[in-house]
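Visitor: Predicted coordinates and the sequence they were generated for:
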Amino acid sequence: MTSAAAAEPAGDAPLRIAEIDHRAIAANAAVIAGLAGRRGMVAMLGANALGHGRAEAARVVVAAGAALLAVPDLAEARQLRAAGVDAPLLTWLHAPGDMAEVASLGVTPAISSLAQYDEAVAAGVEAAHLVPGIGGAQPGIPTADWAELCRRAGAASAPRITGLMGTARTTLARELFSEATVTALEAELPVELVHGIDFEPGDDFDGDTAVRVGAPLFGLSDRPGAHPRDAGLRPAMTLKAGVVGLKGSAAGVGVSYGYRYLTTAQTTLAMIAIGYADGIDRAAGNLVPVQLGGRRFVVAGRVAMDALVLDVGSLAVRPGEYATLFGDAETGVPHIDEWADALGTTSAEIVARVARRVPRSHR
């Protein structure tokens, strides 16, 4: 368990910091790549790799065997290319006129309309994935147009259709995606990757479906109540913040906005330099654990914009000492899943909210 002395930052350390463990990302990616096998792994790195750093995460997952990287749009693709990441890269959200830059960046677009396909042809895009319409809110090429587009794409020299993409979350959507895949293969499209659903630990996959994965790469889940650690995945982010104030308090004193927490005895209140402006849920008060000085405390009262409070009793605490909000439970700190369960949300959502003003430290 982390001691108080070990948690104390250097004098020039930031007030708050998110430590990113590349070894955890690599280990998670290796587990998932092993599940993918010959089908391949598509690594989803949107939202700055859920706040873990898209370029840093990209290099780790490529080394671990990702066949393809994916980010939502050209802005994120541009940043990856500018960082020197030249691995195969997919984007799936496109505005009219995007295909010229798609071609110049060497990005593979996931095409979800006939207009996008025509624009990709005109722009000289070399390779593309197609998104069949399979119901729900997801954009996709209508079923009535699918066979004709597959025929056109099979006869054209560019773009080469190297993959099929979908989000088949229901039984009907999976059936429609499977039918669309058969039609594409019958048109002799040079499909290399078929990825129809995002991976979560415990999912079953069709024999030829690639494993498309985002949150589990970082030991997280997009599903409430899911615990990736049960599948051997480790959270890669540890979130810490420093003690910036200490105050002695009598019993019966209200803490933070609305006084939703009252002290029950003579105690010390420690102000921690992280709040909802840093992405901490304002409703986390009186619910989530934070570790300080080797002990756990529940956040006392509402989370403020720039700070939260811990009621630390008689614990000897020094200003500047770090508290740990969440991280890898193997090190003795609160696990991100504990926060997700307490807040009734997902671990991916909690981590994705950690603001950019929180510095990242990579190791």
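Guide: Yes, it's here. Residues are numbered from 1 along each chain as shown.
Visitor: What strands flank the helix or strand harbouring residue 324, and is each parallel or antiparallel?
Guide: Residue 324 is located in strand 322-326, with elements delineated by DSSP states H and E. Here strand 322-326 is paired, per DSSP bridges, with strand 237-249 (antiparallel), strand 289-292 (antiparallel).
Visitor: Any chance of these in a markdown table with mean pLDDT, distance to residue 130 and mean neighbour count as columns?
Guide: For every residue, glycine as well, the C-beta is placed using N, CA and C. Listed next are the strands paired with strand 322-326 as a markdown table, based on pLDDT from 0 to 100; distance: least, C-beta to C-beta, whole Å; neighbours: other C-beta atoms under 10 Å:
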| stretch | mean pLDDT | distance to residue 130 | mean neighbour count |
| --- | --- | --- | --- |
| strand 237-249 | 97 | 35 | 19 |
| strand 289-292 | 98 | 46 | 23 |
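Visitor: TSV for those strands, including distance to residue 219?
Guide: Listed next are the strands paired with strand 322-326 as TSV, based on distance: least, C-beta to C-beta, whole Å:
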stretch	distance to residue 219
strand 237-249	8
strand 289-292	18
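Visitor: per-residue confidence at the residue nearest to residue 51 when sequence neighbours are not counted?
Guide: Spatially, and ignoring its direct neighbours in sequence, residue 51 is nearest to residue 354 (4.9 Å; C-beta to C-beta, 6 or more residues apart in numbering). Here, the pLDDT recorded for residue 354 equals 98.
Visitor: go on, the one 5 residues further on?
Guide: According to the prediction, residue 359 has pLDDT 97.
Visitor: re earlier: show me what the strand holding residue 324 is in contact with.
Guide: Strand 322-326 is contacted from outside by 2, 7-9, 13, 17, 235, 237-243, 270, 272, 274, 280, 288, 290-292, 310, 333-336, 338-339, 350, using C-beta atoms under 8 Å, 6 or more residues apart in numbering.
Visitor: Could you check how many residues crowd around residue 103?
Guide: Counted with other C-beta atoms under 10 Å, the neighbours of residue 103 add up to 18.
Visitor: from what I can see it touches residue 119, true?
Guide: No. Residue 103 is not in contact with residue 119 according to C-beta atoms under 8 Å; the separation is 10.1 Å.
Visitor: I'd like the distance between residue 290 and residue 350.
Guide: 13 Å (C-beta to C-beta, to the nearest Å).
Visitor: now swap in residue 50 and tell me
Guide: Taken as C-beta to C-beta, the span from residue 50 to residue 350 is 10 Å.
Visitor: Start and end of stretch 120-133, how far apart?
Guide: 19 Å (C-alpha to C-alpha, to the nearest Å).
Visitor: Also stretch 41-53?
Guide: Stretch 41-53 end-to-end distance (C-alpha to C-alpha) = 19 Å.
Visitor: Now do it: distance to the chain's middle.
Guide: Remark: stretch 41-53 is offset 5 Å from the chain centroid, using C-alpha atoms, centre = their mean, to the nearest Å.
Visitor: residues of that stretch that come out buried?
Guide: Residues of stretch 41-53 classed as buried by neighbour count (16 or more other C-beta atoms under 10 Å): 41-53.
Visitor: which among those residues gets closest to residue 344?
Guide: residue 50 (19.2 Å; C-beta to C-beta).
Visitor: name the element that closest one belongs to?
Guide: helix 46-51.
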